[in-house]
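1. Sharing a model that was predicted from the sequence below.
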Amino acid sequence: MASHPCTDPHHHVEDADAYVHEVERACRARGLRLTPIRAQALRLIADAGGPVKAYELLDRMKQTHESAAPPTVYRALEFLFENGFIHKLASINSFVACHHPGAEAHAVPFLICDRCQRAVELEDQDVVATLESRARAHGFIPRAQTLEVHGLCATCASGPGTP
């Protein structure tokens, strides 16, 4: 029996420390610098268990770094995003930890629940390949893919108040 996407442990980071260590290894291998602020942002995103908005992240960072400011957070997010350690969910203006931080680049579709805001990173290479193939058939050369599918997760769809 398939587990529910919003409760399946595969769909969020179980151990934020192990996750940060994996990103540290990837940074060393690629010659990148994971500063303490970047590592803290990454750990907070991993600990969140779901999408986090930049200002929520800033509020959490201020608990340990009073001087944290929006530019600091945005620079950390930009580094983490550009290097594939987090994903940006544009439709809800949030960030989530990537399930494959060691991979230099990959594209994944997301299922986003409109009620609980959980985001499930699908690992479906067929969907990714189809999108890329269709884009190339139109003469379009894709640089990045983020497919966001909105709806209700199984828990929210079966909960009270659902039509």
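-> That came through, no problem. Numbering: from 1, shown residues only.

2. Look up which residues are beta-bridged to the residue nearest in space to the middle of the chain.
-> Nearest residue to the geometric centre of the chain (C-alpha atoms, centre = their mean): residue 96, 2.4 Å. Note on residue 96: beta-bridge partners residue 87, judged by DSSP bridges.

3. measure it to residue 24 for me?
-> In this view, residue 96 and residue 24 are 19 Å apart by C-beta to C-beta, to the nearest Å. Yep, even glycine has a C-beta here, placed from its N, CA and C like the rest.

4. next one: residue 119
-> The value you get for residue 119 to residue 24, if C-beta to C-beta is used, is 24 Å.

5. Name the single longest helix found in the protein.
-> Identified as the longest helix of the chain according to DSSP state H is helix 16-30.

6. hang on, the earlier thing: from residue 130, how far out is the residue nearest to the centre of the chain?
-> Distance, residue 96 to residue 130, using C-beta to C-beta: 23 Å.

7. ok, the closest residue to residue 22 other than its chain neighbours - how many residues close by?
-> Nearest residue to residue 22 in three dimensions, chain neighbours excluded: residue 101, at 5.4 Å (C-beta to C-beta, 6 or more residues apart in numbering). Using other C-beta atoms under 10 Å, residue 101 is surrounded by 23 other residues.
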